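Engineer: Sequence and predicted model, in that order:
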Amino acid sequence: MSTEQTTTANGHSYTLTRTLDAPAAKVWQAWTTPEQYAQWAYAAPGSVEMDVRPGGTWKATVVTPDGGEYPLTGSYLEVAENRLLVIGMDAPGKPAPQIMTVELDEQDDRHTQIVLRQTCDTAEERDMAEQGSTMLLDGLSGFLTGEARA
C-alpha cells in the first residue's frame, strides 16, 4: 500500500491518495455495503444505512476512540459503480452539504488506487475532515487485507 497526501493552495481542501491491495469491485463493496462499511468505518453496530444511487441517502453513527458517538447523514450525488462516489455530508449549521469525492482506479486485478477529495470552509474544518478521512482509509486498508482494526 502506498499513501500520498496533499493540501491545496487555498488551505481548505485536501486530497488523500492510496493504493489498496484489492480489486476495485472489492473496494466498492466495502464502501457501499452497510455490513462491510460498519466493520471498518468506526460505525456503531446497526447504525449504517445506505441507498447507493444518485439522490439516495446514507447514515451512520461514528464511534470515536474515546467512546464519543457522532451521528452522520447525507446523500449520494453521483454514483458510478466501481469508479466514483460523490457524497454529500450534512453539516450542522451549514446551508449546503459538505462534498466528498471518492474515486477508484483499478491498477491491475489486485490493486486499486483510491483518491479522496474534500473542500471545507475553514482550515480547522479541513484538518478535522482530513484526520477523519485518514482514519477511514486506514480502516479500509486493514479491512481489505484482513487485518483487525486497532
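Structural biologist: Noted; the coordinates are in hand.
Engineer: Pass me the low-pLDDT residue ranges in this structure, would you?
Structural biologist: 1-11, 148-150 (pLDDT under 70).
Engineer: Tell me how many other residues crowd residue 29.
Structural biologist: Using other CB atoms under 10 Å, residue 29 is surrounded by 15 other residues. Where C-beta positions appear, they are placed from N, C-alpha and C, glycine not excepted.
Engineer: Wait, it touches residue 37, no?
Structural biologist: No: applying CB atoms under 8 Å as the test, residue 29 and residue 37 come out as separate, 9.4 Å apart.
Engineer: and the longest helix for the protein?
Structural biologist: With secondary structure taken from DSSP state H, the chain has its longest helix at helix 123-145.
Engineer: Could you list every helix and strand in contact with it?
Structural biologist: Helix 123-145 makes packing contacts with strand 2-7, strand 13-20, helix 24-32, helix 34-40, strand 98-108, strand 111-119 when contacts are defined by 3 or more CB pairs under 8 Å, 6 or more residues apart in numbering; DSSP states H and E.
Engineer: run the last query once more with 7 Å
Structural biologist: Taking 3 or more CB pairs under 7 Å, 6 or more residues apart in numbering; DSSP states H and E as contact, the helices and strands that helix 123-145 lies on are strand 13-20, helix 24-32, helix 34-40, strand 111-119.
Engineer: Report the buried residues of it.
Structural biologist: 125-126, 129-130, 132-144 (16 or more other CB atoms under 10 Å).
Engineer: Repeat that for stretch 56-76.
Structural biologist: Buried residues in stretch 56-76, counted by 16+ other CB under 10 Å: 58, 59, 60, 61, 62, 63, 72, 74, 75, 76.
Engineer: cool, stretch 110-117 as well?
Structural biologist: The neighbour-count criterion (16+ other CB under 10 Å) identifies 111, 112, 113, 114, 116, 117 as the buried residues of stretch 110-117.
Engineer: ok, what's across the strand from residue 102?
Structural biologist: residue 85, residue 116 (DSSP bridges).
Engineer: Could I get the contacting residues of it?
Structural biologist: The neighbours of residue 102, taking CB atoms under 7 Å, 6 or more residues apart in numbering as the test, are 31, 85, 87, 114, 116.
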